[in-house]
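J.: What shape does this take:
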Amino acid sequence: MLSDLPNRTPLHTRTITFRGFARPDGLWDMEGELHDAKQYSYPSHRGEVAAGTPIHHLFLRVTLDEHFRIHAIESSMQHTPFGECKVADKSLQEMVGKRMGPGWRQTIERTIGGTGGCTHLRELLFNIATAAFQTIPHHQQVQRVAKGEPRLEEGEPPFYMGKCMTWDFNGPVVARVAPQFIGWNRSFGKVDKG
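T.: Numbers count the residues shown, from 1 in each chain. Model prediction:
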């Protein structure tokens with residue numbers, strides 16, 4: 001919890017939720033929802049907007065394979081500040097066939113950036129990758145363990161190792177959870193003993 005700060009006036013709330021689903025066909029659905037609202041009434045081009053009225057209420061579904069390649073994408077823009085916003089989701093279809101991974105933000109910007117799409121749908125699309133990385137590999141690991149197989153596949157370490165201080169290849173978590181990868185060097189693709 002953050003510390004309590006008194007005498008503040010709430011002005012704006014943005015809520016973003018991501019959900020991951022396994023499908024019976026072996027693919028994965030990642031869904032995102034973005035909701036924006038002001039905590040006060042205000043005048044706008046649409047007339048008086050009551051406190052709590054959604055400014056944005058957007059939904060996104062991305063269907064992926066286990067290699068994080070997009071097979072399908074769907075969106076819904078239930079609330080937008082302008083009627084013209086409602087067509088901004090059409091460009092999302094250009095993301096089909098793209099793969100989430102290194103350079104993901106640049107892929108989005110190159111494909112549907114700027115006036116080629118919607119800022120908020122791009123935000124959802126960028127961050128839905130993190131939810132996919134939380135959903136797919138963990139579920140695969142759980143399934144392997146249930147079959148009596150090792151939690152981690154042999155070979156290279158999982159993508160998340162070496163990407164934050166907790167998963168440092170020379171840190172205590174890797175030593176406890178995946179000692180076979182202590183000293184791993186992604187540049188050389190092997191354990192660096194020197």
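J.: show me the contacts for the residue nearest to residue 125 when sequence neighbours are not counted.
T.: Spatial nearest neighbour of residue 125, excluding adjacent residues (Cβ to Cβ, 6 or more residues apart in numbering): residue 108 at 5.8 Å. Using the backbone N, CA and C atoms, a C-beta is placed for each residue, glycine as well. When contacts are counted by Cβ atoms under 8 Å, 6 or more residues apart in numbering, residue 108 touches 95, 122, 125, 126.
J.: and with 10 Å instead?
T.: 92, 95, 98, 100, 117, 121, 122, 123, 125, 126, 129 (Cβ atoms under 10 Å, 6 or more residues apart in numbering).
J.: Of these, which is the nearest to residue 153?
T.: residue 100 (19.0 Å; Cβ to Cβ).
J.: Please look at that closest one and residue 71 and confirm they touch.
T.: No. Between residue 100 and residue 71 there is no contact under Cβ atoms under 10 Å: 12.0 Å.
J.: Show the backbone phi and psi for the residue nearest the centre of the chain.
T.: The chain has residue 128 as the residue nearest its centroid, 2.0 Å off, counting by Cα atoms, centre = their mean. When read as degrees, to the nearest 10, the backbone of residue 128 gives phi -70, psi -20.
J.: How much space separates it from residue 28?
T.: Distance, residue 128 to residue 28, by Cβ to Cβ, to the nearest Å: 11 Å.
J.: what touches both of those two?
T.: 20, 62, 64, 135.
J.: Out of the residues you listed, give me the one that has the most neighbours.
T.: residue 62 (27 neighbours; other Cβ atoms under 10 Å).
J.: so where's this structure shaky on pLDDT?
T.: 189-194 (pLDDT under 70).
J.: per-domain residue ranges of it.
T.: Segmentation of the chain into domains, based on automatic domain parsing, reads 12-146, 152-194.
J.: now the end-to-end length of the first one.
T.: Okay, so that is domain 12-146. 45 Å (Cα to Cα, to the nearest Å).
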